[in-house]
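In: the following comprises the amino acid sequence and a computationally predicted model.
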Amino acid sequence: MIAVLKHGTTPDQTQHLIDWLKRMNLDVHVSEGSEITILGLIGDTSRVDMELLKSLEIVETVKRVSEPFKQANRKFHPKDTIVEVGDVRIGGGYFAMIAGPCSVESEEQIVGVAQAVKASGATILRGGAFKPRTSPYAFQGLKGEGLKLLLKAKEATGLPICTELMNINDLDLFTDVDIIQIGARNMQNFDLLKETGKCKTPILLKRGLANTFQELLMSAEYIMSEGNENVILCERGIRTFETYTRNTLDLSAVPALHELSHLPVVIDPSHATGKIKMIPSMAVAATAAGADGIMIEVHNNPACALCDGAQSLTPAQFDEVARKVMRVREAIL
Ligand code: PEP
Ligand code: MN
């Protein structure tokens, strides 16, 4: 349930109402805009007398929210959330270009790729140190060493870094990471979600292989309900009967998630298609659809990549895509 307070309500009046609601065993989420304040009532609202609440002098309207996600819900928070990562902003009109190799392989590789993608306009460097692989025999990532190399690339370029966390026990190693990625396979690892909700680091939450928008938003809710409101949603393709592409890119995620939620939406055309040739057109389409960012895999030598070489662009190919994406951004603004 949400209660919209009238313009001009004083902080004292607001607090008085919040205290009254809390006495009914409700949690109250406050969203303060420049004009109005919205109170999101979380918990069992069945005993709240809507008419009584509506009749209060400071209350403009009261609505029941049918969706089970509250803090991620646009009804609670009509304005777009802008996630800040150092000097970089994502959402609410700010577009992020996230690029880098699937996995960090060496200092030379990650620093080289970071410099190249930055020169092409990338705003965030992404690289995996802990890799979720289908086969236990495949390269699992450089782990802690990979994180150190990412920090070297950050030092060399100034780009904020985004990297995947797979296990709660590794969280302490991530203190200098700018964006923690929760991968598709861990989208419903609820303990991991809750733990990352306790820190303030922005979280890039990827949609699971076969999860609905509502399930994705419920996972965002797990993070937000612990206090971390800096969540970026990422569509990376879903499983369908089609096998020609690695996954099926659900571009409707952009308008759908924007309608349901105020959180920024990033599209990952690399994992969605799995094919170098398809990435440029899907990146352009995602941008035209109004995505708040794109995330693309780039490798200095894709043929020798230890992971996802078939979907990794060379820096020159990325440069071309980045130019097109920037032209589309200008056209739709
Ligand atoms: C990745 O980003 O490298 C990755 C493994 O992605 P996903 O979780 O979407 O499969
Ligand atoms: Mn990958």
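Out: Good, I have the coordinates. In this text the structure is predicted, and so the values were computed from the model without any measurement. Numbering: from 1, shown residues only. Ligands and ions are numbered 1, 2, ... in the order given.
In: double-check that residue 98 belongs to a helix.
Out: No - applying DSSP: H, G, I helix; E, B strand; the rest coil, one finds residue 98 to be strand, outside a helix.
In: ok, it - contacts?
Out: 122, 123, 124, 125, 126, 162, 266, 293, 294, 295, 296 (CB atoms under 8 Å, 6 or more residues apart in numbering). For every residue, glycine as well, the C-beta is placed using N, CA and C.
In: which of those are close to ligand 1?
Out: The subset of the contacts of residue 98 within reach of ligand 1, counting by CB under 6 Å from any ligand atom, is empty.
In: out of these, which comes closest to residue 144?
Out: Among those, residue 162 lies closest to residue 144 (CB to CB), at 16.9 Å.
In: that closest one falls within a helix, correct?
Out: No - counting by three-state DSSP, residue 162 is not found in a helix; it is strand.
In: dump the residue contacts of it.
Out: With CB under 8 Å, 6+ apart, residue 162 has these contacts: 98, 100, 124, 125, 126, 177, 178, 179, 180, 181, 204.
In: and the gap between the residue nearest to the third one when sequence neighbours are not counted and residue 313?
Out: Nearest residue to residue 124 in three dimensions, chain neighbours excluded: residue 98, at 4.4 Å (CB to CB, 6 or more residues apart in numbering). The spacing between residue 98 and residue 313, counted by CB to CB, to the nearest Å, is 13 Å.
In: and residue 327, what element?
Out: Applying DSSP states H and E as the criterion places residue 327 in helix 315-332.
In: angle of that helix against strand 96-100?
Out: Relative orientation of helix 315-332 versus strand 96-100 (axes from the mean of the first three to the mean of the last three CA atoms, to 10 degrees): 170 degrees.
In: ok now helix 315-332, how far from the chain's centre?
Out: 21 Å (CA atoms, centre = their mean, to the nearest Å).
In: checking residue 60 next. Helix, strand or coil?
Out: Secondary structure assignment for residue 60 (three-state DSSP): strand.
In: just the pLDDT for it.
Out: With respect to pLDDT, residue 60 has a value of 95.
In: who's in contact with it?
Out: By CB under 8 Å, 6+ apart, the residues touching residue 60 are 4, 5, 6, 36.
In: drop anything exposed from those residues.
Out: 4, 5, 36 (16 or more other CB atoms under 10 Å).
In: now, those that are in strands?
Out: Judged by DSSP state E, strands contain the following of these: 4, 5.
In: can I get the buried ones among the contacts of residue 60 in TSV including distance to residue 319 and pLDDT?
Out: As requested, these are exported to TSV (distance: CB to CB, whole Å; pLDDT from 0 to 100):
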residue	distance to residue 319	pLDDT
4	47	95
5	50	96
36	45	87
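In: so which of the buried ones among the contacts of residue 60 comes closest to residue 50?
Out: Out of the buried ones among the contacts of residue 60, the member with the shortest distance to residue 50 (by CB to CB) is residue 4, at 13.0 Å.
In: now do the strands in the stretch 101-250 of the chain.
Out: 124-126, 161-164, 179-182, 203-206, 231-235 (DSSP state E, counting those that start in this stretch).
In: so for the first one, what's the average pLDDT?
Out: Put plainly, it is strand 124-126. Rounded mean pLDDT across strand 124-126 is 98.
In: next: the second one.
Out: Strand 161-164 shows a mean pLDDT of 98 in the predicted model.
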